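Asker: sequence plus predicted model, see below.
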Amino acid sequence: MNSFASGKSISPVEVTNIGKLGFWLLVREKEHFLPFEQFSWFLQAKIEDILNVQLVHEDHLRWPALDVDLSLESIENPESFPLIYK
């Protein structure tokens, strides 16, 4: 299924770029950077598994192949989640 219409994404969530230090996630037209240093589950992941992200609920993201679930709050304010923020 093509998620682009006239060059604009119609998906509520997508990975827009993956780099050496982390990746960019677009959620409802707001971009977030997830550095591998803080979100280490993604460091050794296959690209296809990082790209396979779902917005399960309004604030709940899921990467099924990696068995990773994150809230937008934990991405926006990782210091409030000491078990994942190191």
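Answerer: Received it, and whenever you're ready, just let me know what you need.
Asker: now the helices: where do they sit in the chain?
Answerer: Secondary structure of the chain, counting by DSSP state H: helices at 47-51, 72-76.
Asker: point out the most buried one among those helices.
Answerer: Ranked by mean neighbour count under mean count of other C-beta atoms under 10 Å, the helices of the chain are led by helix 72-76, which reaches a mean of 16. The C-beta positions use only the backbone N, C-alpha and C, and glycine is treated the same way.
Asker: packing partners of it?
Answerer: strand 30-35, strand 60-63 (3 or more C-beta pairs under 8 Å, 6 or more residues apart in numbering; DSSP states H and E).
Asker: what does the longest one contact?
Answerer: Defining contact as C-beta atoms under 8 Å, 6 or more residues apart in numbering, one finds that strand 30-35 is touched by T16, L21, G22, F23, W24, L25, L26, F42, L72, I75, E76.
Asker: not counting sequence-adjacent ones, nearest residue to L51?
Answerer: V15 (5.1 Å; C-beta to C-beta, 6 or more residues apart in numbering).
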